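Participant: Please work out how this folds:
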Amino acid sequence: MTKKIFAIIIAALICVSFVFSASAYTQQYVIDYADKLSSSEIEELDLFAEKFETAYGVTVLFCITEGTGDVTADEFAVETYTDYTDNENGIILVHDDWNKAYSVFTSGNADEYFSDAAVDSMIDAYDSNDSYYGGIYACYELGVEYLENGYSGGYVNDSEPLNNDTNTIGASEEKDGVSIIWLPVSLLIGLLVGFLIINGIASKNKSVKMQENATVYTRPGSMVITGSADNFLYNNVERREKPKQTENKNN
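Facilitator: Now for the predicted structure:
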């Protein structure tokens, strides 16, 4: 009984850990290979980018790196984009801080909202700021404006009308992770799964009971000895005939 309770508790704890991991997960939009930003700054910028991606369906990534390795700047931009998002509509701006160069990759319909002039303006906004965080934030603010203008009078994700008077940064407050309702639901699922598994294992042991007589554990007729032999390992056995005693003829 103690093992059953312990297994259920372990299953519940594992399930809860999965819920917290899922609720804490946020897609990464700012990739800092050069270690120029703090974790809190990256988190805040990620939330900013996530909210206007939710409103407009376009992903905007920003990457800071120091060199692009063995690939060209354009190849590096494409590879980084595909590594960090599967959205076919998006753009990535890569700043090679070591070489003081920029590369841009645009995917899907993102080029309808980010023209060459728009991208140049976003890079200028980034360059004109004294901090990396402030520069990326200014770049994202311009990105919001271009998305608003591109979708003016249109639809968000081809389903909901876009209200141009809405503050885009706060347009999707509800998408900050998995809803808290999944915590008790996942806990109950974990308890149920753990109970069913342990109960199934325990049910298989009900036929095993301690017996008073040892013959119960043997198959009838399996213990009958039908022959015997003496086997000696690593010994030489010599057999000699015992000499017979002769009678004394003088007696």
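
Participant: Quick check: chain neighbours aside, which residue is closest to A77?
Facilitator: Leaving aside its sequence neighbours, A77 sits nearest to F105 (C-beta to C-beta, 6 or more residues apart in numbering; 4.0 Å). Every residue, glycine included, has its C-beta placed from N, CA and C.

Participant: Make sure that neighbour is indeed in a strand.
Facilitator: Yes. Assessed with DSSP: H, G, I helix; E, B strand; the rest coil, F105 lies in a strand.

Participant: can you pull the contacts of it?
Facilitator: Taking C-beta atoms under 8 Å, 6 or more residues apart in numbering as the criterion, F105 is in contact with 74, 77-78, 81, 91-92, 94.

Participant: Next step: these restricted to strands.
Facilitator: 91-92, 94 (DSSP state E).

Participant: Of those, which is the nearest to G57?
Facilitator: The nearest member of these to G57, counting by C-beta to C-beta, is I91 at 12.6 Å.

Participant: that older thread, would you point out the most distant pair within the contacts of F105?
Facilitator: Farthest apart among the contacts of F105 by C-beta to C-beta are D74 and I91. That separation is 13.5 Å.

Participant: Tell me which residues of stretch 108-126 come out buried.
Facilitator: The neighbour-count check on stretch 108-126 (16 or more other C-beta atoms under 10 Å) flags 110, 113-114, 118-119, 121-123, 125-126 as buried.

Participant: er, stretch 32-46 I mean
Facilitator: Residues of stretch 32-46 classed as buried: 32-34, 36-37, 41-42, 45 (neighbour count, 16+ other C-beta under 10 Å).

Participant: Contacts for it next, please.
Facilitator: Residues from elsewhere that reach stretch 32-46, judged by C-beta under 8 Å, 6+ apart: 26-30, 62-66, 97-98, 132-133, 136-137, 140.
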